[in-house]
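Student: quick one, fold the following:
(one chain, ligands or ions: 1)
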Amino acid sequence: MTDNVVPLFKAPPTAIESTEETIPAPTPEGAAPVRVWKRTGRAMADAVTHERTKAAGRFAFRHTSYVVGGTRIVARRAWDGRTGARYERMLRAAEAAGNYEAAGDWEERLHRFRADRHKRRMDLLTAPERIVKGAAVGTAGGVGLLIAIGIALAVANEDVTDVVTPLMALVELIRLLVVIVQVVWGPLVALGPWLALAGLWAVGRHRNAAPNWALPASKRGDDAGAPITPSIVVTALRDLGIAPLRAAIKEMGDAGAAMLGPIRIAGCGVEVDVTLPSGVSTDQVQGRRRKLAENLNRHEHEVFITIPQAARTVRLWIADSGALDEPIGPSPLVTDPDLRANYKTGRAPWGQDLRGDAAALSLYQRHMLVTGLSNQGKTAAVRALALWLALDPTVEFRVADLKGAGDWAMFDGLATVLIQGPTDEHVIQATEMVESGVSEMERRLTAPPGTTFPPLIILVDEAQVAFMCPAVDEEKRPYGGSKATSRYFMAARKIHNQGRAVNVLLWQGTQDPTDQNLPKLVREGAHTRASLALGTDSQARMALGDKAVDGGAAPHLLRPGLDKGTLVVASDGIEIPAGQASITVRTHYIDTDQATEIADRAKALRDGVTTVHVIDTGEPVDSLADIASVIGDAPRLLTQDVLRRLAALNADAYGGWSFVDLKRVLDGTGAEPYKSDGRMVVGRDRIARALANRGNEDSASAAQ
Ligand SMILES: Nc1ncnc2c1ncn2[C@@H]1O[C@H](COP(=O)(O)OP(=O)(O)OP(=O)(O)O)[C@@H](O)[C@H]1O
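Tutor: Below is the predicted model:
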C-alpha cells in the first residue's frame, strides 16, 4: 500500500499490542481473578463440608468405632472372665461409695476366686503326665475294644481277616477327617478373621460403642426426652464438677450404678436415691441443680433434689420432659357438687404432688402463711382452701382483702366480716378485725374446760399492706410495722401464740416477702407455710423457714409466670415423703366464676350469714356504766378481771384494752384503780359514786 492511500480501517494490532491481549481481561465486576489453587481449595472445602460427605464420614467412622469398641468390650469381658478384675472393680466401687459391708463381701469373693485359680494352676502342672497316661490308657482300651469287636466279627463271618476290620474302619475315618480338614482349612483361614471382625462389629453396634456425634440420630443421647437410665444418672453426677464425686465415680468404673437405688416411676417422672461417696455432701449436689438438670437433658425446674432420711443420700426426682407444663385437671370442688368438708377430720383437695398423687391439706388447728411473687396464684390458692372449708357450716370466716379487686367478693354472705380495699382505712379495719379475733380468742381461753369452740378463720389477703401501713391511732400506736406497739403485728402474734387450741386461726397471704413487710415472728408463727415462685433464696427462707430450704425446698427456682399455682409446702398437715421437709404441690385452679358457684353452695348449707362490711368502731360506748355492770355485786374486782369481763361484754370495743385504757377512763372520776391486799382492784362503791356524780353533773349542765 502506498503512502498517499488513506486507510479506511484501523491498523491491525502490533506485536506489542498482541502480547497485551494474552493478559486475561478483567471480570465485568472488576474483581481480581481467582487463582487456580484457590478455586481448587474452595471446591475441595465445599466437597468436604457437604452434608453428604459428612454423613459418609460419620458412617465410616461409626462402623470403624463399632469394631474398635467391640474389640475393647470383648477383650474386657475376656479379661474379666480370666482375672479377678471384676471383683476388684466392685470392691473399689463399694469402698468409694462408703459401703463397707458390700466391700467386705466382694473382698471375700475375690479371695475365693484367687484360691480357686491357684488350685487350677497347680493342677495344670501335673496335667501333661495325666494327659499322656490317659491317652495311653484310652488308646490301648480303644484298640483292645476294636480288636474284640473284630474277633467277634471274624467268628460270626468265619473269616479271620475280619479281626482287623473295625481297626481299619477307624483308620479310614481318621484319613477322611484329615482330607476334610485339608479341604476346609484354606477357606476357614481366609474367612476366619472376617467372621471375627463381624462378631466384634456386632458387639460394638449392639452397645453403641461410637462417639455420640457419629451415632445415627435415633441413637444419639441428646434428645431431650430420653428416658433416665442408671448410666445417664451416673454420668450426669460425674460431670457435676464436684471433684471427689468425679474421682469416686471414675474409680468405680462400670460399677458406678452401685451408688443408685432402683429407678422408680413417680408420677410424671422418675425418682432415684443416690448414696454419695464419702467426701461429697448432699448440699454440694443440691447447689448444682441446674448443671445436674442439664446433664440429664432436662430443664432446671424438671429436676428436684431432696434429702431423704438415709445418711449421705440425695433423692432425685426427674420429670418426663415437658410433663410439668401440662395442666392438671379441675378441682373436685368444681366437679363434685355434693362435696362436703370437715374442719377437724377432713383434708382440702388442693392439687397434685409431683408424683401425680392427690395433695390434700388438713387445716385443723393450723395457722397459715402463703407467700409468692405477685400474680402467681396466691389468692387463688388460699381461696381454694377457704372455699373447701366453707363447705363445713360450723366454720366462721372473717376476711380482709387488702387488694380489694373483688377476688373475695363471693364471701359476701358467707363471711361474717368482709373488708375489701387497699387504703389505710381498710388496714385500720382489718387490724380491728384481727383484734376482734384476739378478743374472741381470749374469751374462749377463759371458758370452762371442755367447752368446744367453732372454728374461726381470720383471713388477711395481701397482709404486707397491713405491715407497711404508716397510719397511727389516737394513742400514737402504729397500725403497721413490727414494734411492740404495732397493732396489726401484735394482734397477729397473739393469735399465733394462743389461737390454735381454741380454733381461732390466722391465715395470711402475702406478696414478695421482706423483713419489713413480713416480720420474722409472724413468719415463724404459721404452722402451714407455702410459697409460690419467689425471687431469691433468702425470700424462700423467709417464706418457708431455713429447715425446709436446707432440706431442698426451692420456691425461688420455680419459674415466675410459668409455674403459676405451683406451691412448695412445708406443713405437718400434708403428707410429705419421709425425710423430706417440704413437698411441691401443683394446685387445681378455681377461677372467680367457679369460686362464686362453690361459695353459693356453701351459703346454701348455712342459715344465712349477715356480712359486716365495715367494723363500726364509732359506736359510743359508756365505759363507766359497762365497768359498773361487769363488777356487779362484788365489793371490788381485780383490774385484770374487769378487763376480761369487759372484753367478753363487747369484744369490739374492749377486746384490745389493757390496764392503761382502764386507768385512762377512770382517771379523775374518783374511782381510779387502787391497791387492795397488794393487787390492783376497782371498787364497786367508788364506781357507783362516780356514776352518780356524773349524773348530777349532767343534770346541772342541762339545767344551766
Ligand atoms: N393453680 C393455678 N393454675 C394455673 N394458673 C393459675 C393458678 N392459680 C392462678 N393462676 C393464674 O394466675 C393468675 C393470678 O392468680 P392470683 O390472682 O391468685 O395471683 P396472686 O398471686 O394472688 O396475685 P397478686 O398477688 O398480684 O394479687 C390467675 O388469673 C390465673 O390465670
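
Student: which residue is the nearest non-sequential neighbour of His367?
Tutor: Once flanking residues are discounted, His367 sits nearest to Ala526: 4.6 Å by CB to CB, 6 or more residues apart in numbering. In this view, the C-beta of every residue, glycine as well, is placed from N, C-alpha and C.

Student: the residue of the stretch 151-300 of the chain found nearest the ligand: how many residues sit nearby?
Tutor: The nearest approach of the stretch 151-300 of the chain to the ligand comes at Cys268, 15.7 Å away (CB to the nearest ligand atom). The number of residues packed near Cys268 is 20, by other CB atoms under 10 Å.

Student: who's in contact with it?
Tutor: Shown in contact with Cys268 (CB atoms under 8 Å, 6 or more residues apart in numbering): 319-320, 323-324, 326, 354, 356.

Student: closest one of those to Ala484?
Tutor: Ala484 lies nearest to Leu354 out of the contacts of Cys268, by CB to CB, at 42.3 Å.

Student: OK, contacts around that closest one?
Tutor: 266-269, 304, 317, 319, 324, 584, 586.

Student: now those residues as JSON lines including distance to Asp407, secondary structure and pLDDT?
Tutor: Formatted as JSON lines, these follow (distance: CB to CB, whole Å; DSSP: H, G, I helix; E, B strand; the rest coil; pLDDT from 0 to 100):
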{"residue": "Ala266", "distance to Asp407": "34", "secondary structure": "strand", "pLDDT": "85"}
{"residue": "Gly267", "distance to Asp407": "30", "secondary structure": "coil", "pLDDT": "82"}
{"residue": "Cys268", "distance to Asp407": "30", "secondary structure": "coil", "pLDDT": "84"}
{"residue": "Gly269", "distance to Asp407": "33", "secondary structure": "strand", "pLDDT": "89"}
{"residue": "Phe304", "distance to Asp407": "30", "secondary structure": "strand", "pLDDT": "88"}
{"residue": "Trp317", "distance to Asp407": "32", "secondary structure": "strand", "pLDDT": "91"}
{"residue": "Ala319", "distance to Asp407": "31", "secondary structure": "strand", "pLDDT": "90"}
{"residue": "Leu324", "distance to Asp407": "26", "secondary structure": "helix", "pLDDT": "81"}
{"residue": "Thr584", "distance to Asp407": "24", "secondary structure": "strand", "pLDDT": "92"}
{"residue": "Arg586", "distance to Asp407": "20", "secondary structure": "strand", "pLDDT": "93"}
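
Student: and the furthest pair within those residues?
Tutor: The widest separation within those (CB to CB) is 14.1 Å, between Ala266 and Arg586.

Student: more neighbours, those two?
Tutor: The residue with more neighbours, out of Ala266 and Arg586, is Arg586; 22 against 19, by other CB under 10 Å.

Student: got the contacts of Cys268 as CSV, with distance to the ligand and secondary structure columns?
Tutor: Output for the contacts of Cys268, formatted as CSV (distance: CB to the nearest ligand atom, whole Å; DSSP: H, G, I helix; E, B strand; the rest coil):
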residue, distance to the ligand, secondary structure
Ala319, 17, strand
Asp320, 19, coil
Ala323, 15, helix
Leu324, 12, helix
Glu326, 11, coil
Leu354, 15, coil
Gly356, 16, coil
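
Student: what's Thr566 sitting at in phi/psi?
Tutor: phi -100, psi 120 (degrees, to the nearest 10).

Student: quick one: the helices in the stretch 101-250 of the chain?
Tutor: 127-157, 165-206, 230-238, 243-252 (DSSP state H, counting those that start in this stretch).

Student: I meant the stretch 551-700 of the chain, not that one.
Tutor: Going by DSSP H, counting those that start in this stretch, the stretch 551-700 of the chain shows helices at 592-604, 623-631, 639-649, 651-654, 659-666, 684-703.
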